[in-house]
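Asker: compute the structure for the input listed below.
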Amino acid sequence: MTHRIMISLIVIAVLLTCPEVTGAQTSNERYAAGLKAIWNNVNETYFDTSFGGVDWQRVLDTYLPQAASAESDQAFYTIANKMLWELNVSHAALVPPGLFATVEPVVFAPGGIGAAVRMLDGEAVITSVDPESPAYAAGLRTGYVILAVDSIPIAQIEKEVRRDMPPRNDRNRIAQVTKGLMGRIYGAPETEVTVAFLDGKGETHQSRITRTKRTGVAVGPGGRLFMAIELRVKRLNDGIGYIGLNTLQPQLAPEIAAAIKSMGDLSGLIVDLRGNSGGEIEGMPDLFLPQKTLLFQRTTRDDRTEVFSDSSNAYYRGPLVVLIDAMTGSASELLAACLQATKRAVLVGDRSPGSVTESDVMVLPTGAIFMYPVAQISTPDGKMLEGNGATPDVEIGLTREMLLQGKDSQLDTAVTRIKQEASGATQRARQ
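Answerer: Reported below is the predicted structural model:
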């Protein structure tokens, strides 16, 4: 994502946070003026002047009276998001102060318990547990099912999650429910969370777990936001390398390059983007492509540009498999799709949701975050990822039964695919 502050955004900040600047304006007048400023910003920067066939003026006329009669800040945020979501694209949202860590907990929550969860066949299944984590010490294991968090049943958490956020497809709905659940499990360091769960024998347990501080950095204006950065590196059997990461950030590229080098000669490499909610693609494709390569096309309301990788002599040359799922979003979807379209990588896992527009972001003085789309993205082969997502070459999901056996069917499939490619390369070399 890029970041730029525009005059209209400053107007939004003033209107929403500084009533004394606007004289005798009431809260309702400020809500109405704030909504119109948000509408104007989109009106001036949206990548499609036809707004995808949406009558953007009619949208304002519909929601402006609602904002003018909003009874609280919470009601205003709800109305503003309903207006933005009329565009039916991702990366359009006004997130209330303090809630970004619950909207994107895998990246922005400062504390966690060391366990990952996915919604599988309607159940909240634990898909991984760090052996050194408080979750493991509390008895949670891969394949167990979470029944409630802080006495709130999973069914209730599902109902509370907003499911109308674009893109409107089953994968994104699953992703939003999963994030809603993980947003309750993650939280502030040194705070406690109570988790009720079902073990592999069908027995119910409950554990009170203290969250630990996650590794990360302060980001945003004045370091107002926390960003967790998790880079997992290991060498699997048969000389296969594995790299997993929760976000894409340019500063990670040299670390990943060093990690690949540290693993020595590899028969293949697996890059795990499952649960990676995105960030910035810059620098990442250069790690795997041998020469300057067209990555994607970027279309704004003013022009269309082609974005290329930079040539590098230090790129990884061997077989490459990328793991994706319904929690793979934004820039991570784009990276996977680019490597697939350039014939550089095989994708394995579940189809991603298609949350792929370029956005600009501003953190308002209240702590609210305004995100608005500024560019449409397409892959070198002309595929629009927004709403469609990256489609695996080998589509395979996780199951609780396999997880209880300690088996990750997606990772195992990636390993098999690399062995097949390595075997084929050896045979061709002998001919």
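Asker: the nearest residue to A257 once chain neighbours are set aside - how many residues pack around it?
Answerer: Leaving aside its chain neighbours, A257 sits nearest to L287 (5.7 Å; criterion: C-beta to C-beta, 6 or more residues apart in numbering). Quick note: C-beta positions are derived from backbone N, CA and C, even for glycine. If you count neighbours by other C-beta atoms under 10 Å, L287 ends up with 21.
Asker: starting at the chain centroid, how far to the one helix or strand A135 maps to?
Answerer: Element membership for A135, per DSSP states H and E: helix 134-137. Distance of helix 134-137 from its chain centroid, counting by C-alpha atoms, centre = their mean, to the nearest Å, is 25 Å.
Asker: and that helix, what does it pack against?
Answerer: Counting contacts by 3 or more C-beta pairs under 8 Å, 6 or more residues apart in numbering; DSSP states H and E, helix 134-137 is packed against strand 123-129, strand 204-210.
Asker: buried ones in that helix?
Answerer: Using 16 or more other C-beta atoms under 10 Å as the test for burial, helix 134-137 gives 134-136.
Asker: what comes into contact with that helix?
Answerer: With contacts defined as C-beta atoms under 8 Å, 6 or more residues apart in numbering, helix 134-137 is touched by 113-115, 126, 129-130, 209-212.
Asker: any of those buried? List them.
Answerer: Neighbour-count burial (16+ other C-beta under 10 Å) is assigned, among these, to 113-115, 126, 129, 209, 211-212.
Asker: identify the farthest-apart pair in the residues you listed.
Answerer: Using C-beta to C-beta, the two most remote members of these are I126 and T212, lying 17.1 Å apart.
Asker: and the angle from the helix or strand just after the helix holding A135 to strand 204-210?
Answerer: On the C-terminal side of helix 134-137, the closest following helix or strand by DSSP H and E is strand 145-149. Strand 145-149 runs at 60 degrees relative to strand 204-210, counting by axes from the mean of the first three to the mean of the last three C-alpha atoms, to 10 degrees.
Asker: what about the spatially closest residue to T45 that is not a sequence neighbour, which SS state?
Answerer: The shortest distance from T45 to any non-neighbouring residue, by C-beta to C-beta, 6+ apart, is to V374 (5.2 Å). What DSSP: H, G, I helix; E, B strand; the rest coil gives for V374 is strand.
Asker: next, count neighbours for V374.
Answerer: Neighbourhood size, V374 [other C-beta under 10 Å]: 19.
Asker: from D48, how far out is it?
Answerer: As judged by C-beta to C-beta, to the nearest Å, V374 and D48 stand 11 Å apart.
Asker: shaky segments in the stretch 301-431 of the chain?
Answerer: 424-431 (pLDDT under 70).
Asker: circling back: with distance to R301 and pLDDT added, can I get the buried residues of helix 134-137 in TSV?
Answerer: Shown next, in TSV, are the buried residues of helix 134-137 (distance: C-beta to C-beta, whole Å; pLDDT from 0 to 100):
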residue	distance to R301	pLDDT
P134	49	98
A135	46	98
Y136	50	98
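Asker: and which of these is nearest I174?
Answerer: A135 (21.7 Å).
Asker: quick one, what contacts the residue nearest to T45?
Answerer: 2, 45-47, 300, 357-360.
Asker: most neighbours, which of these?
Answerer: That'd be T357 among these, by other C-beta under 10 Å, with 26 neighbours.
Asker: how close does that residue get to I157?
Answerer: For T357 relative to I157 (C-beta to C-beta), the value is 28 Å.
Asker: can I assume I324 is in contact with I270?
Answerer: No. The pair I324 / I270 is not scored as a contact, 11.6 Å apart, by C-beta atoms under 8 Å.
Asker: of these two, which one has the most company?
Answerer: Set side by side, I324 and I270 show unequal neighbour counts under other C-beta under 10 Å, the larger going to I324 at 30 against 25.
Asker: ok, what's across the strand from the nearest residue to that one once chain neighbours are set aside?
Answerer: Once flanking residues are discounted, I324 sits nearest to G349: 4.6 Å by C-beta to C-beta, 6+ apart. G349 has these beta-bridge partners by DSSP bridges: I324, E395.
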